[in-house]
Structures are given as structure tokens and as C-alpha cells.
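Asks: Next come a sequence and a model predicted from it.
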Amino acid sequence: MSKHITPAQAAALIPDDAVVSVSSSSGLGCPDLMLKAIGERFEAAGHPRDLTMLHPIAAGDMSGIKGVDYIAQKGLLKTIIGGSYPSGPST
């Protein structure tokens, strides 16, 4: 049995009202595929809802790494707390 799961499988484990922390430095180390999977799950199923996201440093940048743009959806986020945000054209 593999100890690895896909981003979609990991996103399916996040319950509504969870607190999720993202550690990255702009585009460096940004869990882009994970954030994308969370956004895609919400678009398809309406869950997880009302997340509180903690971002000590920006998650994403203006060089093609979308980061927080994947989760910037009404209903998905309740609160986002960040030390900084992407400096590029974010939604």
C-alpha cells in the first residue's frame, strides 16, 4: 500500500470550517497543485467551505504560479490571514 496520496485525495480530507496553513515564499515551494485541488473540489462539490487559511508569506506569484488564486472563491474561504500576498495580477 502506497503512503502517498494525490492532491485531490488530500483535498477530499479537508472538512468544512477547517484551518489550513500554507508555507511557501511566493512561488518558491508554493503547494500550487494542492491549492488547485482544493479549488477544484469546491467548484465540483461545494466543499470544503468556510476555510480559514494561514499564509505567513505569499502563496503564489505573477510568474504563472497561481497559489491563492485557486482558492479565492466565495464560500470556500471564510478568513485568510497572510503576512504578504502575491504582488502580481491576483484575483
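Replies: Alright, I've got the coordinates.
Asks: can you pull the buried residues of the strand or helix carrying Ala44?
Replies: Assignment of secondary structure by DSSP states H and E places Ala44 within helix 32-45. Neighbour-count burial for helix 32-45, counted by 16 or more other C-beta atoms under 10 Å, picks out Asp32, Met34, Leu35, Lys36, Ala37, Ile38, Gly39, Arg41, Phe42. For every residue, glycine as well, the C-beta is placed using N, CA and C.
Asks: outside of it, which residues touch it?
Replies: For helix 32-45, the external contacting residues (C-beta atoms under 8 Å, 6 or more residues apart in numbering) are 6-8, 10-12, 14, 20, 22, 47-49, 51, 59-60, 65-68, 70-71, 73, 75-76.
Asks: of those residues, buried ones?
Replies: 7, 10-11, 14, 20, 22, 47-49, 51, 59-60, 65-68, 70-71, 76.
Asks: Just to be sure, which of those residues are found in strands?
Replies: Judged by DSSP state E, the subset of these located in strands is Val20, Leu51.
Asks: residue nearest the centroid of the protein?
Replies: Residue closest to the mean C-alpha point of the chain, counted by C-alpha atoms, centre = their mean, is Leu35 at 3.3 Å.
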